[in-house]
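Q: this one's structure only:
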DNA sequence: ATCCCGAGGG
DNA sequence: CCCTCTGGAT
């Protein structure tokens, strides 16, 4: 069975975006939050953890530590008890308290809006910084590349890389800046519902004819 | 056994 | 580049 040769990524990208927008018109940040500080905290917790699980623990976290000053003064053990079920709880607790302390000491208790300042915070890498910039501040600084975005991009052959930074470089060249933040939500939603890691549901995928990995 | 909106350290 | 950190869901 001859597989139809697909167009290069550059030619498929606009159609991929259009179909996903139509398929997931309500795509949005799945981490419950109010404001940059809460989103920053929730995103630190999201490492190797489902957003659903993060949303279970954050209400208690935000109630107990409503602002950077309160979180900076928290005892690590108390934070660990609240966030334990999200995994990596010792490292995440240190990151949260360290992040809050850095906000108080270096940024007047506010979340900075610059990539360099954000990634200088404890426990904050490029992925987390992109989440905050895009969703709390409305700045399309880059594309959030999490496990879903990585997998979907590879299956669609929009990148040949596995390194998230290299994947992001490929994606920002394929899609216009004003689409970057929403693109992440679209890929994440598609990755969760259809382009699932173990058993992708290619039979119900709106991108089958644009995907070299499709198995129907 | 594998995966989930990663980051830091060696 | 590699490894480690961690619990819950499937």
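A: Right, received. Where do you want to start? Note that the coordinates shown come from a computational prediction; the quantities given were computed from them, not determined experimentally.
Q: what sits up against stretch A:102-117?
A: Stretch A:102-117 is contacted by residues A:36-37, A:40, A:67-69, A:72, A:118, A:120-122, A:126, A:129, A:132-133, A:136-137, A:139, A:141-142 when judged by C-beta atoms under 8 Å, 6 or more residues apart in numbering. Just so you know, the C-beta spots here come from the backbone N, C-alpha and C atoms, and that holds for glycine as well.
Q: Can you list the low-confidence ranges for chain A?
A: Counting by pLDDT under 70, the ranges of chain A that qualify are A:1-4.
Q: Can you point out the buried residues in the longest helix seen in it?
A: Counting residues, the longest helix found in chain A (DSSP state H) is helix A:89-107. Going by neighbour count (16 or more other C-beta atoms under 10 Å), the buried part of helix A:89-107 is A:89, A:92-93, A:95-104, A:107.
Q: pretty sure residue A:131 is touching residue A:36, no?
A: No: with contact defined as C-beta atoms under 8 Å, residue A:131 does not reach residue A:36; the gap is 10.2 Å.
Q: Residue A:203 is in contact with residue A:214, correct?
A: No: if you go by C-beta under 8 Å, residue A:214 and residue A:203 don't touch, sitting 9.4 Å apart.
Q: before we move on, the earlier item: please, a ChimeraX command that selects the buried ones among the contacts of stretch A:102-117?
A: Only the buried members of these end up in this ChimeraX selection, burial being decided by 16+ other C-beta under 10 Å:
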select /A:36,37,40,68,72,118,121,126,129,132,133,136,139,141,142
